[in-house]
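Colleague: Structure of the sequence below:
(2 chains)
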Amino acid sequence: MESQKTGGTVDRHKPLGLTDGQVIDMYRFMQMGRKYDERSLLLQRAGKINFHVSGIGQEAAQVAAAFALDREQDYFLPYYRDYAFVLSVGMTMRELMLSVFAKAEDPNSGGRQMPGHFGHKKLRIVTGSSPVTTQVPHAVGFALAAKMQKKPFVSFVTFGEGSSNQGDFHEACNFAGVNKLPVIIMCENNQYAISVPVHKQLGGKVSDRALGYGFPGVRVDGNDPLEVYRVMKEARERALAGEGPTLIEAMMYRLSPHSTSDNDLAYRTKEEVDENWKKDGVAAFRTYLTELGLWSEEQERDLLAEINLELKEAIAYAENAPFPKPEDTLLHVYSDSAREGGI
Amino acid sequence: MAMMEYIDAIRLAMKEEMERDDSVFVLGEDVGVKGGVFTTTKGLQEQFGEERVMDTPLAESAIAGVAIGAAMYGMKPIAEMQYSDFMLPATNQIISEAAKIRYRSNNDWTCPVVVRAPIGGGIFGGLYHSQCPESIFFGTPGLKIVAPYSAYDAKGLLKAAVRDPDPVLFFENKKCYKLIKEDVPDTDYIVPIGEANLLREGSDITVIGYSLPLHFAMQAAEELEREQGITAHILDLRTLQPLDQNAILAAARQTGKVLIVHEDNKTGGVGAEVAAIIAEHCLFELDAPIFRLCGPDVPAMPISPPMEKFFMLSKDKLKAEMLRLAEY
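Modeller: Okay, here's the model as predicted:
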């Protein structure tokens, strides 16, 4: 396939089957994720919310993955940094803000869980927890259901490189490999598990582990959304063709501290963080679009204004929304209301 | 009606539920070609195929976790843990995940999974093929726990578990597999989860328990009545969570003397909660302190025959304790 050139920059997205409109949309979701994240950090510092866990630096890969999936059919098991991902598959800013303010209307958990613990059945975002990597076997279970029921969907699951050391990761990968299940397993390797750097977490590469489970493992530059899109698309085609799982290790850098409770400069230098800001996938994608003549200063200004307005409305809505009733703490332990929790 | 063993009743329940509902499937170690190490799933793979009676890799957390994922999709998995002793790697999946899925998603997602696991000793299984892990899971809201004593209940409770919209742990007693043999209807019936069952009416003492020790209690009760005219009122909890509080209190009030039995060790066991419920609600209607007869507080059951015998409950141990309570 021939690539089109505009100035010095090669059009890399059309050969992948992505239209100009789609790549512009991708960029919009990256910025939405970024701005949501930045605003939540500020809200926490302003004392408006209690906690925020950040995904800054990981948006490009998240959005690319979402665009390679069937957002009408596939099942998603994101982890707690995947704001840009869940926005891309249909969650709204308002819903995210309802979660971060822990309000009753929050579709993720009705204000029960920490923010970043996604769940939205209508969007096929599967409820997640805090013990890491428990969602990988669940994703394999969804893929098993797809195979048993002969349904044309795949499941997609993410987690960090630190979490890839959990037994559940290995047990689930092996189960999926043995049964050739339609699941895409993506590690967002952001170089840190809270404070512990990757060289203290991993003796080798996460992607190489796939060899032991009998399916392909691909390492990809997570700051390059078009590369992530390409490998994700291939993985999805393999899955639907009955060829089984794919492990993707997307390399990136966690630009923000682990959470609002973390001081990252206690374990890494400002220079290291600054150096990685230069590789930021969101900024690089903007440059790519600009150089192709698909994006302008004016469009950027409009987009940021639009996001700003959406955030403002979302925050106002969430702030004014009612908390859950205290006694609703007792609801939904079991399906039958006669056996709700007791005190 | 057919005369069958407890293990046959469990197998029949799975067979009937799989015939009734295509989304029901069994997964676990050796459940397929071999039909289970105890033959619990024998013949099911021939009838339902490799996909619905699935031999899994040897990894309990994946067995539970994959079943949980499939259940969230809308399947009805029956995950088999080969021995309950080996289900601890799956504890995080069961307690952190299955138990909390409905609650943490504010009723958006549900997890109708069944986890079957054989409990109990008396088969020379040693420390790691004899344990009763009920108390590890007991007290985790969001889980239902059943532990049948009779073959009739084993079938009816397992069918109820499969149809239940919430996660159910089904603790089947491996000593009961062949020991308990009785008439079981071949019709479609369920035993409701959450309802205890009065096994025997009496007026002198009350015995409350679940699983195998009730077999010994029933034998002891017959002898005590025949030999000494002491009549025992015996309640089978059947469901450990949620406990049937009304039935427990009614049974305690019936005689005012209560003996609680289980093979799981005494400290922190289900019996402690049963005793607390009785103490909270009808302490002053009792004529004796609450007695408990349980496995000893040692880490697990040794394999050496005299040690195993020492650990296990028996008709004689039950009889002695029931007599002591009656004479109190």
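
Colleague: And the closest residue to chain B within chain A, how far from A:Arg71?
Modeller: With Cβ to the nearest Cβ, the shortest gap between chain A and chain B falls at A:Gly141, namely 2.0 Å. Every C-beta, even on glycine, is put in place using the N, C-alpha and C of the backbone. Look at A:Gly141 and A:Arg71: by Cβ to Cβ, to the nearest Å, they are 21 Å apart.

Colleague: re earlier: any buried residues in the helix or strand hosting the residue of chain A closest to chain B, and which?
Modeller: Using DSSP states H and E, A:Gly141 falls within helix A:135-149. Residues A:135-148 are the ones in helix A:135-149 that count as buried (16 or more other Cβ atoms under 10 Å in any protein chain shown).

Colleague: Could you list every helix and strand in contact with that helix?
Modeller: Using 3 or more Cβ pairs under 8 Å, 6 or more residues apart in numbering or on different chains; DSSP states H and E, the elements in contact with helix A:135-149 are strand A:75-77, strand A:155-160, helix A:167-178, strand A:183-189, helix B:60-73.

Colleague: where exactly do the strands run in the chain?
Modeller: Going with chain A. Counting by DSSP state E, chain A has strands at residues A:4-6, A:9-11, A:75-77, A:155-160, A:183-189, A:192-193, A:196-197, A:217-221, A:246-251.

Colleague: You answered for a different chain; I wanted chain B.
Modeller: With DSSP E as the criterion, chain B has strands spanning B:2-5, B:24-28, B:53-55, B:76-80, B:114-119, B:144-146, B:168-173, B:181-184, B:197-200, B:205-209, B:232-236, B:239-241, B:258-265, B:291-295.

Colleague: Would you list the phi and psi of the closest residue to chain A within the stretch 151-300 of chain B?
Modeller: The nearest approach of the stretch 151-300 of chain B to chain A comes at B:Pro165, 4.2 Å away (Cβ to the nearest Cβ). Dihedral pair for B:Pro165: phi -80, psi 0, per degrees, to the nearest 10.

Colleague: Excluding sequence neighbours, find me the nearest residue to A:Asp82.
Modeller: Nearest non-adjacent residue to A:Asp82, counting by Cβ to Cβ, 6 or more residues apart in numbering or on different chains: A:Gln62, 5.5 Å away.

Colleague: So what's the residue count around that neighbour?
Modeller: For A:Gln62, the tally of surrounding residues (other Cβ atoms under 10 Å in any protein chain shown) stands at 32.

Colleague: I figured it hits A:Tyr79, correct?
Modeller: No. In this structure A:Gln62 lies outside contact range of A:Tyr79 using Cβ atoms under 8 Å: 10.2 Å.

Colleague: list residues touching both of these two?
Modeller: Residues touching both A:Gln62 and A:Tyr79 (Cβ atoms under 8 Å, 6 or more residues apart in numbering or on different chains): A:158, A:188.

Colleague: Now mean pLDDT and mean neighbour count too, for the helices and strands packed on helix A:135-149, in CSV please.
Modeller: Shown next, in CSV, are the helices and strands packed on helix A:135-149 (pLDDT from 0 to 100; neighbours: other Cβ atoms under 10 Å in any protein chain shown):
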stretch, mean pLDDT, mean neighbour count
strand A:75-77, 98, 28
strand A:155-160, 98, 29
helix A:167-178, 98, 24
strand A:183-189, 98, 29
helix B:60-73, 98, 30
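
Colleague: Residue of chain B nearest chain A, please.
Modeller: Proximity to chain A, evaluated over chain B using Cβ to the nearest Cβ, is greatest for B:Gly69 at 2.0 Å.

Colleague: Write out the residues of the stretch 151-300 of chain A neighbouring chain B.
Modeller: A:155, A:167-168, A:171-172, A:174-175, A:178 (Cβ under 8 Å from any Cβ of the partner chain).

Colleague: now the helices for the stretch 151-300 of chain B?
Modeller: For the stretch 151-300 of chain B, the helices defined by DSSP state H, counting those that start in this stretch cover B:151-163, B:176-179, B:213-228, B:245-255, B:270-282.

Colleague: Quickly compare the ones you listed and say which is most buried.
Modeller: helix B:151-163 (a mean of 25; mean count of other Cβ atoms under 10 Å in any protein chain shown).

Colleague: which residues are contacting that helix?
Modeller: Taking Cβ under 8 Å, 6+ apart as the rule, helix B:151-163 contacts B:4-6, B:8-10, B:12-14, B:16-17, B:21, B:24, B:76, B:78, B:114, B:116, B:144, B:146, B:148, B:168, B:170, B:172, B:176, B:180-185, B:188-193, B:197, B:236, B:238-239.

Colleague: Contacts only, for the residue of the stretch 151-300 of chain B closest to chain A.
Modeller: By Cβ under 8 Å, 6+ apart, the residues touching B:Pro165 are A:334-335, B:110, B:112.

Colleague: now A:Gln44
Modeller: Each residue near A:Gln44 by Cβ under 8 Å, 6+ apart is listed here: A:50-52, A:260.

Colleague: make it 6 Å
Modeller: Under the criterion of Cβ atoms under 6 Å, 6 or more residues apart in numbering or on different chains, the contact list for A:Gln44 reads A:52, A:260.

Colleague: now swap in B:Asn107 and tell me
Modeller: B:Asn107 makes contact with A:His332 under the criterion Cβ under 6 Å, 6+ apart.

Colleague: ditto for A:Leu87
Modeller: A:29, A:32-33.

Colleague: In helices only, show me the residues you listed.
Modeller: A:29, A:32-33 (DSSP state H).

Colleague: Chain B next: which of those are close?
Modeller: When the ones in helices among the contacts of A:Leu87 are checked against chain B using Cβ under 6 Å from any Cβ of the partner chain, none falls in range.

Colleague: could you redo those residues as a markdown table and give each row pLDDT and neighbour count?
Modeller: Output for those, formatted as a markdown table (pLDDT from 0 to 100; neighbours: other Cβ under 10 Å):
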| residue | pLDDT | neighbour count |
| --- | --- | --- |
| A:Phe29 | 98 | 23 |
| A:Met32 | 98 | 24 |
| A:Gly33 | 98 | 28 |
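
Colleague: now, which of those sits nearest A:Thr329?
Modeller: Nearest to A:Thr329 among those, counting by Cβ to Cβ, is A:Gly33 at 31.3 Å.

Colleague: The closest one: what's it in contact with?
Modeller: A:59, A:83-84, A:87.

Colleague: cutoff 7 Å now
Modeller: A:Gly33 makes contact with A:55, A:59, A:62, A:83-84, A:87, according to Cβ atoms under 7 Å, 6 or more residues apart in numbering or on different chains.

Colleague: closest to B:Glu50 among the residues you listed?
Modeller: Among the contacts of A:Gly33, A:Gln62 lies closest to B:Glu50 (Cβ to Cβ), at 36.9 Å.

Colleague: Leaving out chain neighbours, which residue sits closest to residue 28?
Modeller: The chain I'm using is chain A. Closest to A:Arg28 by Cβ to Cβ, 6+ apart is A:Leu303, at 6.2 Å.

Colleague: Wait, chain B was what I had in mind.
Modeller: Nearest residue to B:Gly28, sequence neighbours excluded (Cβ to Cβ, 6+ apart): B:Glu80, at 3.1 Å.

Colleague: May I have the residues that are in contact with the one you found?
Modeller: Counting by Cβ under 7 Å, 6+ apart, B:Glu80 makes contact with B:26, B:28, B:31, B:116.

Colleague: A:Gln201 now?
Modeller: A:161-162, A:165, A:193.

Colleague: likewise A:Glu319?
Modeller: Taking Cβ under 7 Å, 6+ apart, we find A:Glu319 in contact with A:Phe101.

Colleague: if we can go back for a sec, so what's the residue of chain B closest to chain A up against?
Modeller: B:Gly69 is in contact with A:137-142, counting by Cβ under 7 Å, 6+ apart.

Colleague: Local confidence estimate at the spatially closest residue to it that is not a sequence neighbour?
Modeller: Excluding its sequence neighbours, the residue lying closest to B:Gly69 (Cβ to Cβ, 6+ apart) is A:Gly141, at 2.0 Å. Looking at A:Gly141, its pLDDT stands at 98.
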